[in-house]
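In: sequence and predicted structure, then a few things I'm wondering about:
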Amino acid sequence: MKIFNKTQILNALPPVNDLLNIIESGFISYSNKKCLIPPVGYLPLPNGEIHIKYGMEENAGFAVIKIAAGSYKNSALGLPSSSGLNLIYDTKTGFPVSLLYDEGLLTDVRTAIAGALVAHNLSLKPDKFSIIGSGGQAYFQALYTCKTLCLNQVHVYGRSDDTIKILMKKLEPHKIDVIPHTSIKKACQNADLITTVTPSKEPLIFKSWLKPNVHINAFGSDAEGKRELSLDLLAEADLLLCDSIEQCLTQGELQYLNEIKEHQQPVELGDYFSKELKPEEGLSICDFTGVAIQDIKISEAVYKNLI
């Protein structure tokens, strides 16, 4: 079994446009039932959680097991908020062929690429792009969405001045300016595109704050009890997208749909992409819980570049 470290994996990442195509094809495969994806493994920790996602595409040569874990209090220890690794198995022999010890890099990248992909497919040209949350994932969301949409500025709300300063420093080499906000409301007002990446368990964003035709990429709710969006946002959305209906109804923002009498039916990203549906005016929301096919596709692509 070949073991690769984070630096090797970083150098083997495909270009952004290739990553967009790779993840898009994965979502389409998932929605077309061309994958074998068992239920997500979830283990709560005192200050965080462990997620296990795994599976394979039909008739594929590789299966992938991804383990991602972390703690929200790691920053006080001088540690990253999350880490992880991906195991790649030969489906013919059942033997592991590679351990990608990426320390969570591939999870961060495939998560952010999904947000950029949706913004791109919705043909968004935002004058104001805002991110709610300033942790590690905020960097990747800013980087890949700005690269994909040719933006050079992002508005960010974060609870910590330190994390905002770190984010500014990391984005500076990419010529992306960070406009900091101390109020979620002000960060969201007049935004055309909002990305949420917090571990919140209560609504943070409300429809009355938002301008017409805004799109929200909601990433923070990936387990039961988490939420970032108010019920009126879900109730009044003109387009509800999600990476996995099955997962989002129990782990994502969509777990709260049963509290709403009338709402749009959610559409999986794979169906949205494959049917080449045209963007509509109005409020749109995409609920992301993270699907194993993303881990499978990016792991395979990186592994092929490494060997």
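Out: Done, it's in. Numbers count the residues shown, from 1 in each chain.
In: what distance do you get for residue 196 to residue 57?
Out: Using Cβ to Cβ, to the nearest Å, residue 196 is found at 29 Å from residue 57. (Glycine included, C-beta is placed from N, CA and C.)
In: okay, the two: which has more neighbours?
Out: For residue 196 against residue 57, the residue with the higher neighbour count under other Cβ atoms under 10 Å is residue 196, and the figures read 28 against 22.
In: isn't that one up against residue 216?
Out: Yes. The pair residue 196 / residue 216 is scored as a contact, 6.9 Å apart, by Cβ atoms under 8 Å.
In: find residues that contact each of these two.
Out: 205, 229 (Cβ atoms under 8 Å, 6 or more residues apart in numbering).
In: could you look up the SS state of the residue located most distally from the centre of the chain?
Out: When distances to the mean C-alpha position of the chain are computed (Cα atoms, centre = their mean), the maximum falls on residue 93, with 32.0 Å. Judged by DSSP: H, G, I helix; E, B strand; the rest coil, the three-state class of residue 93 is coil.
In: likewise the one 10 residues further on?
Out: Following three-state DSSP, the label given to residue 103 is coil.
In: what's the spacing between it and residue 81?
Out: Separation of residue 103 from residue 81 (Cβ to Cβ) stands at 11 Å.
In: equivalent analysis for residue 249, please.
Out: Remark: distance between residue 249 and residue 81 (Cβ to Cβ) = 27 Å.
In: then residue 260?
Out: Taken as Cβ to Cβ, the spacing of residue 260 relative to residue 81 amounts to 32 Å.
In: when the two are compared, which one has more neighbours?
Out: Each of residue 260 and residue 81 has its neighbours counted (other Cβ under 10 Å); residue 81 has more, 17 against 12.
In: my read is that the more buried one contacts residue 69, right?
Out: No. Assessed by Cβ under 8 Å, residue 81 is found out of contact with residue 69, at 10.3 Å.
In: which neighbours do the two share?
Out: Joint contacts of residue 81 and residue 69 (Cβ under 8 Å, 6+ apart) are residue 48.
In: so where do the helices sit in the stretch 151-300 of the chain?
Out: Assigned by DSSP state H, counting those that start in this stretch, the helices in the stretch 151-300 of the chain fall at 161-171, 184-188, 231-236, 245-251, 269-274, 292-306.
In: which of these sits closest to residue 210?
Out: When these are compared for distance to residue 210 using Cβ to Cβ, the nearest one is helix 184-188, at 6.1 Å.
In: gap between that closest one and the chain center?
Out: Helix 184-188 sits 21 Å away from the centroid of its parent chain (Cα atoms, centre = their mean, to the nearest Å).
In: and it, what does it pack onto?
Out: Judged by 3 or more Cβ pairs under 8 Å, 6 or more residues apart in numbering; DSSP states H and E, helix 184-188 is in contact with strand 129-132, strand 153-157, strand 201-205.
In: now the angle from the last one to strand 153-157?
Out: Spelled out, it's strand 201-205. Note on geometry: by axes from the mean of the first three to the mean of the last three Cα atoms, to 10 degrees, strand 201-205 and strand 153-157 are set 130 degrees apart in direction.
In: contacting residues around strand 201-205?
Out: The list of residues contacting strand 201-205 from outside it, by Cβ under 8 Å, 6+ apart, reads 132, 184, 188, 194, 196, 198, 216, 225-231, 233.
In: nearest to residue 24, of those residues?
Out: Each of the contacts of strand 201-205 was checked against residue 24 using Cβ to Cβ; the closest is residue 216, at 19.8 Å.
In: was I right about that closest one contacting residue 236?
Out: No. Between residue 216 and residue 236 no contact is recorded; they are 11.9 Å apart, counting by Cβ under 8 Å.
In: for the two, indicate the residue with more neighbours.
Out: Taking other Cβ under 10 Å, residue 216 and residue 236 do not tie; residue 216 has more neighbours (24 against 16).
In: now residue 282: phi and psi?
Out: In terms of degrees, to the nearest 10, the main-chain angles of residue 282 are phi 120, psi -180.
In: against residue 195, how distant is the closest residue to it other than its chain neighbours?
Out: In this structure, residue 282 finds its nearest non-sequential neighbour in residue 238, 3.0 Å apart by Cβ to Cβ, 6 or more residues apart in numbering. Computed with Cβ to Cβ, the distance linking residue 238 and residue 195 is 19 Å.
In: kind regards, and thank you for your time.
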